[in-house]
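Visitor: sequence and predicted structure, then a few things I'm wondering about:
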Amino acid sequence: QVNVVESGGGLVQAGGSLRLSCAASGPTFRYYAMGWFRQAPGKEREFLATIRGSDESPYYTEFIRGRFIISRDTAGTTVYLQLNNLTPEDTGVYYCASTRKFPVVRVTSYDSWGQGTQVTVSS
């Protein structure tokens with residue numbers, strides 16, 4: 001079982017940047033892939049990016065490629081999502097979660113979820 005806690009959200013102006021963190025723990029965490037999702041008000045949770053535990057290979061959904069960057073620290077305990085050139089459409093709650101598969105984009109393929117961190121982008 002992997003436990004995850006997200007942080008780093010906040011209020012930012014359009015064009016700004018944020019770095020989200022996902023602190024994870026568990027005896028086999030380094031063998032898991034970690035994914036980032038977001039959920040805008042009134043919309044379904046959507047996949048953003050995932051990173052494999054064994055070699056830190058990233059995989060992105062097409063619409064964020066080049067703007068968001070997923071990474072993992074060398075100790076393997078924290079996964080980051082760098083958000084750049086933000087727009088009001090990026091507003092939502094951002095979640096990270098773990099999975100044993102890579103790459104997977106479906107919400108149901110992920111096991112352990114955090115509580116999320118709110119990102120609000122003003123115009």
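Guide: Received, thanks.
Visitor: tell me which stretches of the chain form strands.
Guide: Assigned by DSSP state E, the chain shows strands spanning 3-7, 10-13, 18-25, 33-39, 46-51, 58-60, 68-72, 78-83, 92-99, 117-122.
Visitor: tally of neighbours for residue 71?
Guide: Summarising burial for residue 71: neighbours were counted as other Cβ atoms under 10 Å, giving 14. C-beta coordinates here come from the backbone N, C-alpha and C atoms, glycine included.
Visitor: identify the bridge partners of it.
Guide: Per DSSP bridges, the residues bridged to residue 71 are residue 80.
Visitor: that one touches residue 82, doesn't it?
Guide: Yes - the pair residue 71 / residue 82 is scored as a contact, 7.2 Å apart, by Cβ atoms under 8 Å.
Visitor: circling back: which one of the strands of the chain lies nearest to residue 109?
Guide: Of all the strands of the chain, it is strand 92-99 that lies closest to residue 109, at 5.4 Å by Cβ to Cβ.
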